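Enquirer: structure of the sequence below:
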Amino acid sequence: MPMKGCKTKQSQSQESNDLSVNEIQIEINDSSSTHNNNFAITLKSKNVDVDRLLPMAKQWITEHKQKTWQGV
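Expert: Next up, the predicted model:
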């Protein structure tokens, strides 16, 4: 079940048809009439497994949110 406000972009995720490339794509749509905190990250690797890419993406999201909230 997709999260409220999350959209999947099939056309972008189908760009890479190379089966030897591991890819994680995360897009966060967080906006209202008072703020716009949309951001996205895409990680691709031929030699790093998806199970290792996911924690990297999560760490980037956490750090990005902290910087955004601090106004950095």
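Enquirer: can you list the buried residues in stretch 34-52?
Expert: Buried positions in stretch 34-52, judged by neighbour count with 16 or more other Cβ atoms under 10 Å: L43. C-betas here are computed from N, CA, C, even on glycine.
Enquirer: how about the helices in the protein?
Expert: Remark: helices assigned in the chain by DSSP state H are 10-13, 50-70.
Enquirer: where among these is average confidence lowest?
Expert: When the helices of the chain are compared by mean pLDDT, helix 10-13 comes last with a mean of 45.
Enquirer: about what we covered before: wait, which of the helices of the chain is closest to S33?
Expert: helix 50-70 (17.8 Å; Cβ to Cβ).
Enquirer: who are the packing partners of the closest one?
Expert: The criterion is 3 or more Cβ pairs under 8 Å, 6 or more residues apart in numbering; DSSP states H and E, and the helices and strands that helix 50-70 contacts are strand 22-28, strand 39-45.
Enquirer: doesn't A40 make contact with I26?
Expert: Yes. Checked against Cβ atoms under 8 Å, the pair I26 and A40 is within contact range at 6.6 Å.
Enquirer: quick revisit: same list (the helices of the chain) but as JSON lines, adding distance to S33.
Expert: Shown next, in JSON lines, are those (distance: least, Cβ to Cβ, whole Å):
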{"stretch": "helix 10-13", "distance to S33": "27"}
{"stretch": "helix 50-70", "distance to S33": "18"}
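Enquirer: most packed of the ones you listed?
Expert: Across these, averaging neighbours per residue (mean count of other Cβ atoms under 10 Å) puts helix 50-70 on top, at a mean of 12.
Enquirer: other residues contacting that helix?
Expert: Residues external to helix 50-70 that are found in contact with it (Cβ atoms under 8 Å, 6 or more residues apart in numbering): N22, E23, I24, I26, I28, N37, F39, I41, L43, S45.
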